[in-house]
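Novice: give me coordinates for this.
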Amino acid sequence: MIEVIGPLTHGALTAAGKPVSLQKQLIERLQQAILAGRLPAGALLPSSRLLAAELGVSRNTVVIAYDQLFAEGYVLADRKGTRVSPLANAASHADARQDSAAAEVAYASRLKQFAATRLHADTTSALTPGTPALDRFPLAAWRRSVERAMEQGLPQLLGYGEPAGELGLRDAIAAHLRMARGVRCDGSQVVITEGAQEALKLCVTLLTNPGDTAWIEDPGYRGAKAAFNLGDLRTVPMRVDHEGMAVPPDAWLLDPPKLIYTSPAHQYPTGAVLSVARRLDLIAQARRTGAWLIEDDYDGEFRHTGEPIASMQGLVADAPVLYVGSFSKTMFPALRIGFVVLPRSMVTQTRTALQEMLRGGHRLEQLALANFIEAGEFGRHLGRMRRLYRERQQALREALTQRFDAAQILGGNCGMHLTLRLPPAISDRAVVELAQAQRLNPRALSGFAVRPCEQDNGLVIGYGNTPAEQIAAAVSTLARCVNEVAGTARGRRGNARAQTSARA
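Specialist: Below is the predicted model:
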């Protein structure tokens, strides 16, 4: 019995300065002794009275500890007392914990495809692409919409909702899309998701099988590539030029797709608009081959000249297009409400699957957003943001033109970013690394390319979250970063030439 008590009484239990209770300390000590093999299987533990006396604690503390160990299966209790349970390889657990840091975890093989993705700096930094002007969001109006939803819906809103989302929000979204984006739909075709990324994953789940081929824009939105990778699809990149996705004539025969991702109104990150001729050809070819198109309306609401570009989905009736959008850019990212508009032919066929796959949640936020749209607050907010972003975009264009000679600037008629092409000798990734140290957060254009080429070297520069009066100074700092990288590159080329001459 003394040998059994030894491992338990080494070091006193104490309540002084300890956030953990005495009984919790004793439970952990007993568990560790059992897992490490210091208390072997079948060992008889001391009586609660004896162990309490040895440790200087109340008997009730020991009784509670023994009861917890019994509940978790560490010990067995019978008429003879409390014994250690036979645990498989208990003594090896301690060594396993020590070696776990060095052990290679067997993750799913698809996760290796994300290894090259770099984490971005804090999105509150200046010049961050895709971040809206959060300080200009009408919080008072949003608060009123939330309060109305609470008054009208509680406590029912605390329960599960419709898997496809609250009908009030689906109808409000459909009405807005018909008027503002030319989308042919009603509320029954709208499925509410947790952001656009979940909408993309939903498209993959509904329409593809592992091993199917999917086309993505190159360079393009990494979230689409991630969604396709998680679906175990074979991803084929399609180059983007000034008219958007450029599909080679033989691609439909050599790499017939099941799913095609496009952002036709404002391609990310180049800003290209997919021409009507290419849109119609994609729709016709998709119909002919049984493929489906995903139209991601990334930030098409923010058109700076003329009217917003109409949707591809609305070009022809019953197009094989799933229209995806979210409120991350038009409202605020933390709202986490997105949607997908299904073709009418899919609504009935997918209803049962959606009921199994989705759980209706965020009901309060959904009804608040419906109220926000129906009250006209959403439309007014979009109008204010268009004017604001137009001003910031112009300030950024002027600053880039002044600081960069012969600058090639892409994507100036829509959205919340411009793309600046850099000479191939200046590494865009090196520039971004220097810029992030200066609290600037542009993105490297090459990071969006699946098959990078020389023209995929540049900076994707956001202006949504940067006041116009701060843009010139930020661009000056960015120019210094570019010059520093250029100087380093020139030095390396000079050293290389010197070494070549010396060998000659």
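Novice: need phi/psi at Asp241.
Specialist: The phi/psi pair for Asp241 (degrees, to the nearest 10) reads phi -120, psi -160.
Novice: repeat that for Arg451.
Specialist: Main-chain dihedrals, Arg451, degrees, to the nearest 10: phi -120, psi 80.
Novice: thought it was touching Pro237?
Specialist: Yes: taking C-beta atoms under 8 Å as the definition, Arg451 is a contact partner of Pro237 at 5.6 Å. (Glycine included, C-beta is placed from N, CA and C.)
Novice: list residues touching both of those two?
Specialist: Residues touching both Arg451 and Pro237 (C-beta atoms under 8 Å, 6 or more residues apart in numbering) are Asp218.
Novice: quick one: which of those two has more around it?
Specialist: When Arg451 and Pro237 are compared for neighbours, Pro237 comes out ahead with 16 against 9, by other C-beta atoms under 10 Å.
Novice: tell me the contacts of the more buried one?
Specialist: 215-218, 220, 449-451.
Novice: repeat that for 7 Å
Specialist: By C-beta atoms under 7 Å, 6 or more residues apart in numbering, Pro237 lies in contact with 216, 218, 450-451.
Novice: so the nearest residue to Ser58 once chain neighbours are set aside is in which element?
Specialist: Of all residues not flanking Ser58 in the chain, Ala52 sits nearest, at 6.2 Å (C-beta to C-beta, 6 or more residues apart in numbering). Assigned by DSSP states H and E, Ala52 belongs to helix 48-55.
Novice: and the angle from the helix or strand just after that helix to helix 48-55?
Specialist: As assigned by DSSP H and E, the chain's next helix or strand after helix 48-55 is helix 59-72. If you take axes from the mean of the first three to the mean of the last three C-alpha atoms, to 10 degrees, helix 59-72 sits at 120 degrees to helix 48-55.
Novice: distance from helix 59-72 to the middle of the chain?
Specialist: 44 Å (C-alpha atoms, centre = their mean, to the nearest Å).
Novice: helices or strands up against it?
Specialist: Contacts defined by 3 or more C-beta pairs under 7 Å, 6 or more residues apart in numbering; DSSP states H and E place helix 59-72 against helix 22-35, helix 48-55, strand 75-78.
Novice: point out the most buried one among the ones you listed.
Specialist: helix 22-35 (a mean of 19; mean count of other C-beta atoms under 10 Å).
Novice: what packs against it?
Specialist: When contacts are defined as 3+ C-beta pairs under 7 Å, 6+ apart, helix 22-35 packs onto helix 2-9, helix 59-72.
Novice: tell me what angle that helix forms with helix 59-72.
Specialist: Using the same axes, to 10 degrees: helix 22-35 against helix 59-72 is 50 degrees.
Novice: kindly export helix 22-35 (C-alpha atoms) in PDB.
Specialist: The C-alpha trace of helix 22-35 is given here as PDB (Å, rounded to 0.1, in the frame of the first residue of the first chain):
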ATOM      1  CA  LEU A  22      -7.800  20.700  -4.500                       C
ATOM      2  CA  GLN A  23     -10.100  18.000  -5.900                       C
ATOM      3  CA  LYS A  24      -9.100  19.000  -9.500                       C
ATOM      4  CA  GLN A  25      -5.400  18.900  -8.600                       C
ATOM      5  CA  LEU A  26      -5.900  15.400  -7.100                       C
ATOM      6  CA  ILE A  27      -7.800  14.200 -10.100                       C
ATOM      7  CA  GLU A  28      -5.100  15.300 -12.500                       C
ATOM      8  CA  ARG A  29      -2.400  13.800 -10.300                       C
ATOM      9  CA  LEU A  30      -4.200  10.400 -10.200                       C
ATOM     10  CA  GLN A  31      -4.800  10.500 -14.000                       C
ATOM     11  CA  GLN A  32      -1.200  11.300 -14.700                       C
ATOM     12  CA  ALA A  33       0.000   8.500 -12.400                       C
ATOM     13  CA  ILE A  34      -2.300   6.000 -14.100                       C
ATOM     14  CA  LEU A  35      -1.400   7.000 -17.700                       C
END
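Novice: what sits against the residue nearest to Leu134 when sequence neighbours are not counted?
Specialist: Distance criterion C-beta to C-beta, 6+ apart; nearest residue to Leu134, sequence neighbours excluded, is Phe332 at 5.8 Å. By C-beta under 7 Å, 6+ apart, the contact set of Phe332 is 132, 134, 137.
Novice: before we move on, what about Trp292?
Specialist: Trp292 makes contacts with 207, 258-259, 286, 320, 322, as judged by C-beta under 7 Å, 6+ apart.
Novice: try it again at 10 Å.
Specialist: Contact analysis of Trp292 by C-beta atoms under 10 Å, 6 or more residues apart in numbering lists 203, 206-208, 214, 257-260, 286, 319-322, 343, 346.
Novice: so of those residues, which ones are in helices?
Specialist: 203, 206-207, 286, 346 (DSSP state H).
Novice: nearest to Asp297 among those?
Specialist: The shortest approach to Asp297 among these belongs to Cys203, at 13.8 Å (C-beta to C-beta).
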